[in-house]
Each structure stands twice: as C-alpha cells, then as structure tokens.
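1. Would you be able to build a 3D model of this:
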Amino acid sequence: MSDLNHGPADDLEVASPGAIDDSASSDFQTTESGLMYRILREGDDQNPSESDRVEVHYKGWLDDESIFDSSYRRGETIAFPLNGVIPGWTEGMQLVGKGGMIELQIPSSLGYGPRGMPPVIPGGAQLHFLVELIDIH
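-> The predicted model follows:
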C-alpha cells in the first residue's frame, strides 16, 4: 500500500485505529534485517526494549489484503512480552514510542518462515501489520 490509510478495509472491526499524523511519510524505511516500516503516528520518547511487555492494538494482513488477525475485530487490546513474538514484531516495535502507530512489512524470514502458520498464513508469506503501541509494562 502506498497511500496513507489504516490497511485493508475491515467491516468486522469493533474498534478503529486512531489518527495518523499529517506529517507521516508514505515511504517505507528498511532495516538491515529487511524489515520495512513507516511511522504513522509519533509516540512519546519512551520506546520499548526487547524485554518489555507491550500492550497494542493491531491488524495483520497478507499481500492479497486478506486480514488474518485483528485486535480491532475483537474490540480489545492485547498485551504480550516483546521477546515472545515473531522477530519482525520484536524489532519493529522498538522503533515506535508509546502512543505511536507503525506499519510493518515483515519478510518471511522475520515472520513464520517457509512453514508459515497453516491454514491461516502460507509458507513464505510476507506479513503486513498496522500496530498502535498503547502501553509499555
């Protein structure tokens, strides 16, 4: 997606993503690992570390824009240890401050790899996420 929005349309969302900064770039930056990201809303100056527990709202989709998971659909945030998720999340969430929003494009090597997570995520799939960092614990 090259325009600034909240990812693919989702008529099943109970909650909606917050506002995107007017100054947010439509261009992705790429880290050394191959993770692509863009900051959609600047948070404060408190970024999580790999060992922190984070609370987020998020939506994940595949290249074909099919949504495979969404806390917005459930209407509830989720909290988890940042070092207990796929490497693309662990790396990407350290790039945004508390209260911020980030879009991640995670290559298969930083996601579920060649095996995927059948039947929802095929092997070798690139993953896309829109994530709002609600809190850091």
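
2. Next, count neighbours for D44.
-> Close neighbours of D44, defined as other Cβ atoms under 10 Å, add up to 11. C-betas here are computed from N, CA, C, even on glycine.

3. pLDDT score assigned to the residue nearest to it when sequence neighbours are not counted?
-> Distances taken as Cβ to Cβ, 6 or more residues apart in numbering put G97 closest to D44, at 4.8 Å, once the chain neighbours are dropped. What the model reports as pLDDT for G97 is 98.

4. so what's G97 up against?
-> Contact partners of G97, counting by Cβ atoms under 8 Å, 6 or more residues apart in numbering, are 42-47, 133.

5. Now do the same for it: helix, strand or coil?
-> coil (DSSP: H, G, I helix; E, B strand; the rest coil).

6. gap between it and L104?
-> 15 Å (Cβ to Cβ, to the nearest Å).

7. swap in G18?
-> Applying Cβ to Cβ to G18 and L104 gives a distance of 17 Å.

8. which one of these two has more residues nearby?
-> Neighbours around G18 and L104, counted as other Cβ under 10 Å, are more numerous at L104. The numbers are 25 against 14.

9. Who are the contact partners of V120?
-> Counting by Cβ under 8 Å, 6+ apart, the residues that V120 touches are 68-69.

10. at 6 Å what do you get?
-> Shown in contact with V120 (Cβ atoms under 6 Å, 6 or more residues apart in numbering): F68.

11. Next: G43.
-> Contact analysis of G43 by Cβ under 6 Å, 6+ apart lists 96-100, 133.
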